[in-house]
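# whatever this is, show me its structure:
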Amino acid sequence: MGQLTRSSTQPSPRADPDPAEAISDLVWPFGKLEGLDRDDFREAAYEIFFTACRSSPGFGGRSAITYYNPSDEKDGSGSGSSFGQPGSPVKPPGVGMAVTSRVKRTLGLKMMRKSPSRRASSVGAAPSSPNGGAGSSPRSAFSSLPSRPRRPMTSAEIMRQQMRVTEQSDNRLRKTLMRTLVGQLIQFFEQMGRRAETIILPLELLRHLKPSEFNDPQEYHFWQKRQLKIFEVGLLLHPSIPLEKSNEFAIRLREIIQASEHKAIDTGKNSETMKSLVNCVVSLSWRTADGSPTDICHWADGYPINVHIYIALLYSIFDIKEETLVLDEVDELLELMKKTWSTLGINRSIHNLCFTWVLFEHYIMTGQVEGDLLGASLTMLAEVANDAKKVDREPLYVKMLASALTSLKRWAEMRLLDYHQNFHKGTIGLMESIVPLVFSAAKILEEDVPGYLAVELEKGEMANISSGNRVDYYVRSSLRNAFAKILKDRNIDGAVVEMEEASEVLIKLANETERLAAMEKEIFSPVLKKWHPVAAGVAAVTLHTCYGTLLKQYLVATSALTEETTTLLHRAGKLEKVLVQMVVEDSVECEDGGKAIVREMVPYEVDSIILNRMKQWIQEILKKGKELLLRAKETETWNPKSKTEPYAHSAVELMKHIKDSLDSFLHTPVNLSEDLVHTLTDGLEHLFRDYITFVASCGSKQSYLPILPPLTRCSQETKFSKLWKRAACSVGIEDPGQNMLNEGNHPRPSTSRGTQRLYIRLNTLHFLNSQLNSLDKTLSLSSKIVPSPHSRINNRNRQLGDSSSYFDHARSAIHVATQHVCEVAAYRLIFRDSNSVFYGSLYVGDVANARIRPALRTLKQNLTLLCAIVTERAQPLALKEVMRASFEAFLMVLLAGGSSRIFFRSDHQMIEEDFENLKRMFCTCGEGLIVEDAVNIEAETVDGVVALMGQSTEQLMEDFSIVACEASGIGVVGAGQKLPMPPTTGRWNRSDPNTILRVLCHRNDRAANYFLKRSFQLAKRRG
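Sure thing, here's the model as predicted:
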């Protein structure tokens, strides 16, 4: 209880367990007294108790104990009897023979059920061994019993045994009382009625006991200091009546006490010190507040010494062998203890408070194993609550009440704030008693202790709250502590995200959390629900928050959606469902259905987190794809990766990245919604389209078409032809056409590196298209993709064979890009690479000497190279575009060949034959890559123009006039009107006036020359 422990040559047979050692967090509420320990108070209590009961049977008196319920008490106790209090109407058959106890029955304490000889003594002898004199062992004085006929022990013998008083000490006390009653002051005490409250017991002990009655001087000195210390505390430090500092008796008494510290004082009859001591003690003990006479001396009734002594006395009700049990004779003992009230200044209210404290403290000090003691404390607390309501309470009692109940409440709350650690399935009954104990104590403090609420609120403690709110606080605190213990046991700190295998740790933690929730629901919530409607719900919310905090830390530190993270999120989602279900089941009877408590649960949003992580992952994939695209734009040379992979290296890298990403996506351990798949495929399709645009960025065919020469008219024999022929005859050089013919005998491929790179672009586009098909097939066969309830593409059939595709737009872009690249490559091949043998030399000079055979041989070599480079699936379109470009070049030779080309009507057959050879070459190129019908369809325009060249000049002029007038909308040309000049559209055909006009411009005869000069004043060609 906070007192200093003394050193003695005579140790106590068995010291009481010190509450400070038994349980450190129970605060002693009744003040500390320095210099006195529990043994000192116990011995003083026995001395006062024996003195007060000296007239009772067994204590030296002759009359039997009378049990009654006094109705004329002056301490405000009322007329009703109370359990656990002196005055209980129990009438045992004789001293020490009570076999029933109203106190124990009322408090719910079980009987000890021992045989009648449980407490017995040798007939006619004291309870000690024959050698139990001054030199005997203190323990043998009450534990060793002779083997002779026994009799029931008296109350005095029970108390001596319970309070562990040796026979030697008991004998000294009896002698002192005898000497006091028959000594020199006998007349004075007779006048006072021989009441115990008129005896200053320590003074009488000092007067009558000599050093020779102790084992040695040191024992006597220690005993004397204890008696003087009682005087110091009771008369000087804590007197019941305030003492002025200038009181001369107090000053002298303090000097005597100080002098005794080093040497025992002389207590002989002639000792001046003893005379001064008697004078000072008597004067101080018989004081009154107003100086009026009194019949009670005040030396042990000051607070807190009186409570220390009384509590030491109350502890005697517990059996010394079975400490958790209360003696069956408790009714008798409590009745006898009442006789000390006048000496100690105790009343019934203080007794009830002290008795409540003793039951509660003893429950704790004995290991909290006897629930009956806790239940008895709760029962006594109801009596304390009644006392606290009385209007005539003394301020000292209110102070004691506040201190004791505050200590009790705080200890109990500490258990409830961590009830998972302090209780289990086998001790849940104790928890059922502690909870109402806290509420009862709190209610008394809040309602009956003035200023308590203000102080607690100022300290930040829980105050002025309902029982439900208190339980709410206990549940949250205990669950947090239990969760923290799990973390500690698994060596998990707040930086769990930095641990290796963090996801595995959190998965195991989820299992532990679910187990903790189940234990809460099964064991603790049924108890707490009596005071809180949704105790289990609060527990679930608390665990949800605790686990959610760690989960959030982990998710903040890990951005990738790995398989481990996904598994963890699914486990967290399962835990959340369990906790939410726990709240729902516990909230059935609530008015709001538990909505308020559910609102406290911040959802883990596992599905949302997975979706966001997936979207984040998709953005990272697309970002990396864009980086590859940018790098491709900077570094791609359009050289084939290898002979077996004749497409761009950048396309291979891009597709590898996309395939790996898609494979990771489909292996994610979650079901993938169709919306999420479209988020990925839309991003990939956009990436594809950007890359396709990059592949198709190769110019246009217009850049390779020659500029159309101005329209001129031919004379029948140009100066150029005349001069060329003359020079050929005189010098012996060949005609340019003949030269080209000779070169055609040894053709070689003329495909440039630029054109070959265009072929690689074309291969790349077909490679992308084939990869898109593979991606579509992979997605279509995946069982991980589930339809979204509000998918933007409803009821999509993703089975093979369906025209629907995740990459329809990309395919369309590839189709357009392929067409464009083929066209550009073809026009480059014909108009640039093959220009020297085709447009640049065909029919130059005259038709007969510049036929198409050399061009065909070179073109065949170029087409062979094309088929060697371009992938098989891309060859038909590439060849078709080369055919179109060739036909375009043939037309331009006929219609826009410039001044170097002139045609006669007689050339028609050769031109027709050459074109047929050109068509035949494309029909026979490859293994049916272009069917004859397709060639004929594409050749229709050229065939029509060739047919025009076989018509007479007159027919051409007539046809031109008709279609030119119709095209211009003037109808028939009247007299004096000129024919309109038809615009050059580039869409040549036999019915186009501009086409007919160009045939006339290249017709080398007089009629055509005259018509063109007359109609349009076209200039002659410069020779």
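
# pretty sure Ala442 sits against Leu408.
No - counting by C-beta atoms under 8 Å, Ala442 does not reach Leu408; the two are 10.1 Å apart. All C-beta atoms are positioned from the backbone trio N, CA, C, and that covers glycine.

# just the CA atoms of stretch 636-644, as PDB, please.
C-alpha atoms of stretch 636-644 as PDB (Å, rounded to 0.1, in the frame of the first residue of the first chain):
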ATOM      1  CA  GLU A 636      14.300   2.900 -88.800                       C
ATOM      2  CA  THR A 637      16.200   2.400 -92.100                       C
ATOM      3  CA  TRP A 638      13.700   0.000 -93.700                       C
ATOM      4  CA  ASN A 639      16.200  -2.700 -94.200                       C
ATOM      5  CA  PRO A 640      14.900  -6.200 -93.600                       C
ATOM      6  CA  LYS A 641      15.600  -7.800 -90.200                       C
ATOM      7  CA  SER A 642      16.700 -10.900 -92.000                       C
ATOM      8  CA  LYS A 643      16.000 -13.000 -95.100                       C
ATOM      9  CA  THR A 644      13.400 -15.000 -93.200                       C
END
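
# rounded to a whole number, what's the mean pLDDT of it?
Across stretch 636-644, pLDDT averages out at 86.

# do the same with stretch 576-589
89.

# and for stretch 308-325?
The average pLDDT for stretch 308-325 rounds to 94.

# between the two ends of it, how far is it?
22 Å (C-alpha to C-alpha, to the nearest Å).

# going by neighbour count, list what's buried in that stretch.
Using 16 or more other C-beta atoms under 10 Å as the burial criterion, the residues of stretch 308-325 that qualify are 308-319, 324-325.

# and Ala850, which of the three is it?
coil (DSSP: H, G, I helix; E, B strand; the rest coil).

# where do the helices sit along the stretch 551-700 of the chain?
563-586, 595-599, 606-635, 649-666, 674-695 (DSSP state H, counting those that start in this stretch).

# of those helices, which is nearest Gln819?
helix 674-695 (12.0 Å; C-beta to C-beta).

# helices or strands up against that closest one?
helix 606-635, helix 649-666, helix 753-781, strand 785-786, helix 808-828 (3 or more C-beta pairs under 8 Å, 6 or more residues apart in numbering; DSSP states H and E).

# tell me the angle the third one makes with helix 674-695.
Comparing the axes of helix 753-781 and helix 674-695 via axes from the mean of the first three to the mean of the last three C-alpha atoms, to 10 degrees yields an angle of 170 degrees.

# next, the angle from helix 753-781 to helix 808-828.
If you take the same axes, to 10 degrees, helix 753-781 sits at 160 degrees to helix 808-828.

# buried residues, helix 753-781. List them.
755-769, 771-772, 775-776, 779-780.

# for it, name the packing helices and strands.
helix 649-666, helix 674-695, helix 808-828, helix 853-869.

# domain ranges for the chain?
38-58+154-307, 468-604, 607-717+749-786+806-938, 958-1016 (the TED database).

# Throw those domains into a markdown table and include distance to Gly345, thanks.
As requested, the domains of the chain are exported to a markdown table (distance: least, C-beta to C-beta, whole Å):
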| stretch | distance to Gly345 |
| --- | --- |
| domain 38-58+154-307 | 3 |
| domain 468-604 | 36 |
| domain 607-717+749-786+806-938 | 70 |
| domain 958-1016 | 129 |
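
# looking at those, which is closest to Ala947?
Using C-beta to C-beta, the domains of the chain put domain 958-1016 closest to Ala947, at 6.2 Å.

# quote the end-to-end distance of the closest one.
End-to-end distance for domain 958-1016: 15 Å, by C-alpha to C-alpha.

# so for it, mean pLDDT?
Domain 958-1016 comes out at a mean pLDDT of 84.

# one more: stretch 39-48?
Averaging pLDDT along stretch 39-48 gives 94.

# and it, which residues are buried?
Neighbour count says stretch 39-48 has Asp39, Asp40, Phe41, Arg42, Glu43, Ala44, Ala45, Tyr46, Glu47, Ile48 buried, by 16+ other C-beta under 10 Å.

# the last one sits in which helix or strand?
Right, Ile48. Assessed by DSSP states H and E, Ile48 sits inside helix 38-52.

# tell me what that helix is packed against?
Short answer (3+ C-beta pairs under 8 Å, 6+ apart): helix 38-52 packs on helix 155-162, helix 167-182, helix 201-208, helix 217-231, helix 305-314, helix 330-337, helix 341-344.

# could you dump the buried residues of stretch 39-48 to CSV with distance to Thr273?
Shown next, in CSV, are the buried residues of stretch 39-48 (distance: C-beta to C-beta, whole Å):
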residue, distance to Thr273
Asp39, 27
Asp40, 23
Phe41, 26
Arg42, 28
Glu43, 24
Ala44, 22
Ala45, 28
Tyr46, 27
Glu47, 22
Ile48, 25
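
# run a quick neighbour tally on Lys399.
16 (other C-beta atoms under 10 Å).

# now it: which helix or strand?
Residue-wise, Lys399 maps onto helix 395-416 under DSSP H and E.

# in that helix, what's buried?
397-409, 411-413, 415-416.

# next: stretch 921-941.
Residues Met921, Phe922, Cys923, Cys925, Gly926, Leu929, Ile930, Val935, Glu938, Ala939, Thr941 are the ones in stretch 921-941 that count as buried (16+ other C-beta under 10 Å).

# measure that stretch end to end?
OK, stretch 921-941 end separation, C-alpha to C-alpha: 18 Å.

# how close does Asp204 get to Ile305?
To be clear, residue 204 is Glu; Asp isn't right here. Distance, Glu204 to Ile305, using C-beta to C-beta, to the nearest Å: 18 Å.

# er, Glu522 actually
Going from Glu522 to Ile305 by C-beta to C-beta gives 50 Å.

# so these two - more neighbours on which side?
Ile305 (29 against 11).

# my guess is that one contacts Leu33. True?
Yes - applying C-beta under 8 Å, one finds Ile305 in contact with Leu33, separated by 6.3 Å.

# shared neighbours of those two, anything?
Common neighbours of Ile305 and Leu33 are listed as Val233, His238 (criterion: C-beta atoms under 8 Å, 6 or more residues apart in numbering).
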